[in-house]
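J.: Sequence first, then the predicted structure:
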Amino acid sequence: MSSKIGLLLVNLGSPDAPTPAATRRYLAEFLHDRRVIDTSRWIWCPILHGIILRTRPAKSAKAYEKVWNEPEFSNQAVPVKLAPLVRITGAQAQALQEAFGEDVQVEYAMRYGNPSIEAALDALMEKGCMRVGVLPLYPQFAGATTASVFDGISKAIKARMDLPEIRFLRHYYDEPQYIKALSDSLTDHFATLDWKPEAIMASYHGLPQSYVDKGDPYQAECLRTTELLRQEMNVSEDYLFTTFQSRFGPKAWLQPYTDKTLEQMPKKGVKKIAVVMPGFSADCLETLEEIKLEASETFLANGGEKFTAVPCLNTRPDHLNFLKALSEQRLLNGWL
Ligand SMILES: C=CC1=C(C)c2cc3[nH]c(cc4nc(cc5[nH]c(cc1n2)c(C)c5CCC(=O)O)C(CCC(=O)O)=C4C)c(C)c3C=C
Ligand SMILES: [Fe+2]
Ligand SMILES: [Fe+2]
């Protein structure tokens, strides 16, 4: 007898509330993941417990507070009291559920915090889904994100006597429909401006350089994403280029750094810039606070005149159509 089919969307996760206590719980789970921080626990745990978890939660909670209700949604069932990333991922899951109808049960989960992977898998199995496709919502593969979702799935099913059949998507950075949606999102966003960007910065979340040196394909996939977008838009390397944001700690991360590049651009004659963030499938702290609020200030304080952050693909119809086709073709094929 054929069982029901489940689709599980997974993204990174956020605190349950923009408070120091909730942010501390979230950061403690996140920053204990060896895929995220590979330093020996003898060295890392004293730093994490003694310094980071004492200082960063209050600072991060303030940052979350600034963007908690952004972007505003008017007509969705997912409550506004959730963080932007969780809310948008919930809205994506809801839209995909409506698009699939009875054929596929769609749930969403966060790698850290709530709703947990365990709860989402429980929900799918309770609905009788013994075939589950897992779609990590990271276009580019990284050990710290995609592989960590794989670990999260393994951990969630560890104590189960019975398992569903599970398929896992590794990345989708080079899918033509994704590149086209990015390009169209730029066109649509530029149509809302009364000025024309002189350059577009494609800013991706950073990663320690050492992870790439040990074989992580993330940097190459980010560079290729920008190249494909450049081809789609028919623009030059000077006009559309890659940088890496969200550096954490004293080690070298992937370069060029987004903030340092923004400081230099006005001196090089670029005074009007747009930033697109193709590595984020939903707006979150790193796009709304770090780029839309902080990076724009950096650019303007250094002689820039106009700055705009392009919204992530979020619940754009072309993004949802793409995620549906991607799931059908690369996860659920032969099951439907
Ligand atoms: C400390 C190491 C970190 C690595 C390595 C890292 C990789 C990485 N992260 C994302 C995507 C997101 N990260 C987000 C927040 C965030 N990231 C780190 C640290 C690392 N990320 C921290 C400590 C935080 C929390 C916020 C803070 O205190 O600064 C988010 C947003 C979460 C939200 O709630 O909105 C995303 C998304 C990728 C893609 C990646 C590697 C490629
Ligand atoms: Fe610890
Ligand atoms: Fe991160």
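T.: Cool, got the structure. Ligands and ions are numbered 1, 2, ... in the order given.
J.: Distance-wise, check Lys260 relative to ligand 1.
T.: 18 Å (C-beta to the nearest ligand atom, to the nearest Å). The C-beta positions use only the backbone N, C-alpha and C, and glycine is treated the same way.
J.: scratch that, Pro256
T.: 16 Å.
J.: wait, what's in contact with that residue?
T.: Residues counted as contacts of Pro256 (C-beta atoms under 8 Å, 6 or more residues apart in numbering) are 242-244.
J.: go on, Ile88?
T.: Counted by C-beta under 8 Å, 6+ apart, Ile88 has contacts 71, 282-284, 312, 314-315.
J.: Same check on Lys180?
T.: So Lys180 contacts 232, 318 (C-beta under 8 Å, 6+ apart).
J.: could you point out which element follows the helix or strand encompassing it?
T.: In this assignment (DSSP states H and E), Lys180 forms part of helix 176-190. Where DSSP H and E defines the elements, the next helix or strand beyond helix 176-190 is strand 199-205.
J.: Tell me how far that next one lies from the chain's centre.
T.: Computed by C-alpha atoms, centre = their mean, to the nearest Å, the chain-centroid distance of strand 199-205 equals 14 Å.
J.: And the helices in the stretch 151-300 of the chain?
T.: 176-190, 209-213, 218-233, 258-264, 285-287, 296-301 (DSSP state H, counting those that start in this stretch).
J.: Just give me the closest of the contacts of Pro256 to Ala28.
T.: Phe244 (25.3 Å; C-beta to C-beta).
J.: Distance of the residue nearest to Val36 when sequence neighbours are not counted relative to ligand 1?
T.: The shortest distance from Val36 to any residue other than its chain neighbours is 4.9 Å, reached at Ala144 (C-beta to C-beta, 6 or more residues apart in numbering). Ala144 is 4 Å from ligand 1, where distance means C-beta to the nearest ligand atom.
J.: any idea of the pLDDT on Ala144?
T.: Looking at Ala144, its pLDDT is 98.
J.: Now for it: which residues touch it?
T.: 33, 35-36, 207, 211, 216.
J.: between the contacts of Ile88, which is nearest Asp238?
T.: Nearest to Asp238 among the contacts of Ile88, with distances taken as C-beta to C-beta, is Cys312, at 24.4 Å.
J.: Dihedrals phi and psi, the closest one?
T.: According to degrees, to the nearest 10, the main-chain angles of Cys312 amount to phi -70, psi 170.
J.: Ok, the one 5 residues further on next?
T.: Dihedral angles phi and psi of Pro317 (degrees, to the nearest 10) take the values phi -60, psi -40.
J.: cool, and Phe30?
T.: Dihedral pair for Phe30: phi -60, psi -50, per degrees, to the nearest 10.
J.: tell me the SS of the closest residue in space to it that isn't next to it in sequence?
T.: Nearest residue to Phe30 in three dimensions, chain neighbours excluded: Tyr112, at 4.5 Å (C-beta to C-beta, 6+ apart). Three-state assignment for Tyr112 (DSSP: H, G, I helix; E, B strand; the rest coil): coil.
J.: quick one on the thing from earlier: closest to ligand 1 among the contacts of Ile88?
T.: Cys284 (3.0 Å; C-beta to the nearest ligand atom).
J.: Can you give me every residue that contacts that closest one?
T.: Contacts for Cys284 (C-beta under 8 Å, 6+ apart) come out as 12, 14, 83-85, 88, 312.
J.: Could you export the residues you listed as a markdown table, including distance to Asp103, pLDDT and secondary structure?
T.: Listed next are the contacts of Cys284 as a markdown table, based on distance: C-beta to C-beta, whole Å; pLDDT from 0 to 100; DSSP: H, G, I helix; E, B strand; the rest coil:
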| residue | distance to Asp103 | pLDDT | secondary structure |
| --- | --- | --- | --- |
| Leu12 | 28 | 98 | coil |
| Ser14 | 30 | 98 | coil |
| Ala83 | 30 | 97 | coil |
| Pro84 | 29 | 97 | helix |
| Leu85 | 27 | 98 | helix |
| Ile88 | 24 | 96 | helix |
| Cys312 | 27 | 98 | coil |
